[in-house]
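fold the following and give me the result.
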Amino acid sequence: MDDVADPTSFDRFAAEYDRFVSLLPGQHSAWVTGLGVRGERAIDVGCGSGHAAERLADDFDQVLGVDLSEPMIAIARERRSRPNLEYRVADLFEVDDEGFDLVYSHTVLHHLPDYRAGLEQLKSLVRPGGTVALIDNVCDLYPTPPRRVYTWGAVRGFPAEIRRVGLRDAWFELRFWHSKPWLEHLLSDRYLSRAQFREIYDTVFPGAEYDDLGFALAMRWRTSAVDDPGSFRRYS
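Model prediction:
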């Protein structure tokens, strides 16, 4: 994928993005926690300000949250600290830890210049018998949705958001959707189609299973308990 977004652009609106995600409870964690995976160690790659990592800390003895954005990690350490949760500023390809029971990443991979290399790196982090659970945005109509998809969608959804979170927070959400830094980031994203997503994921994670989340596809894949990186079995 060429001309992908700069993930460090989140530095410019870290505090606003954290508030935005806080108003969408469960979006960054409901699917993965719903898988029922538990164990000793988990990693959240592209953890942002720690919403999902904090939730995973309920189910794992140790959780590592990794993100490129220093402001995001600073917010995570300040607001979502746990004794069993470590936050680290690092690039995905700088992570050399191994043996995770769960390798999780949410809407990060489309930022990478080499999508497949990112998948292979994530696969290398999971232990035998562990699970890789990945979510990324998809779009079948065009690689980059036009501005109106976001701005008009926010306007149409404004009345419902008032009912859900109240006028003050709904107004914040509406302004965030129209803010220049956030729109610039969104308009630099390039997404795979659903068919492209399944094709590339199937080559790295044979036998993977998928859930369609509407804005994104989610993939789950579990390795064999045998120490054989080429083996797999379906998630159950």
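
can you show me the helices along the protein?
In the chain, the helices defined using DSSP state H lie at 14-22, 30-34, 51-56, 70-79, 115-124, 147-165, 167-178, 180-186, 194-204.

for this protein, give me the ranges with low pLDDT.
1-8, 225-236 (pLDDT under 70).

need the longest strand for it.
strand 126-137 (DSSP state E).

now the residue nearest the centre of the chain. Nearest residue, chain neighbours left out?
Taking CA atoms, centre = their mean, the centroid of the chain lies closest to His106, which sits 1.1 Å from it. Using CB to CB, 6 or more residues apart in numbering and skipping the chain neighbours, the partner closest in space to His106 is Ile135 (4.8 Å). (C-beta placed from N, C-alpha, C; glycine too.)

show me what contacts the one you found?
Trp31, Val32, Ser105, His106, Thr107, Leu213, Ala216, Leu217, Ala218, Met219 (CB atoms under 8 Å, 6 or more residues apart in numbering).

let's see it at 10 Å
27-28, 31-32, 52, 104-109, 211, 213, 215-220 (CB atoms under 10 Å, 6 or more residues apart in numbering).

which of those residues are buried?
27-28, 31-32, 52, 104-109, 216-220 (16 or more other CB atoms under 10 Å).

among the residues you listed, which one lies nearest to Leu187?
For these, the minimum distance to Leu187 (CB to CB) is 15.5 Å, reached by Thr107.

verify the stated contact: that closest one with Ala216.
Yes: the pair Thr107 and Ala216 qualifies as a contact (CB atoms under 10 Å) at a distance of 6.5 Å.

common neighbours of the two, please.
Leu134, Ile135, Asp136, Asn137, Tyr191.

what about those, which one has the most neighbours?
Leu134 (28 neighbours; other CB atoms under 10 Å).

out of the buried ones among the contacts of Ile135, who's nearest Leu167?
The shortest gap between Leu167 and any of the buried ones among the contacts of Ile135 belongs to Gln27, at 21.2 Å (CB to CB).

what sits closest to that closest one if chain neighbours are left out?
Val21 (7.0 Å).
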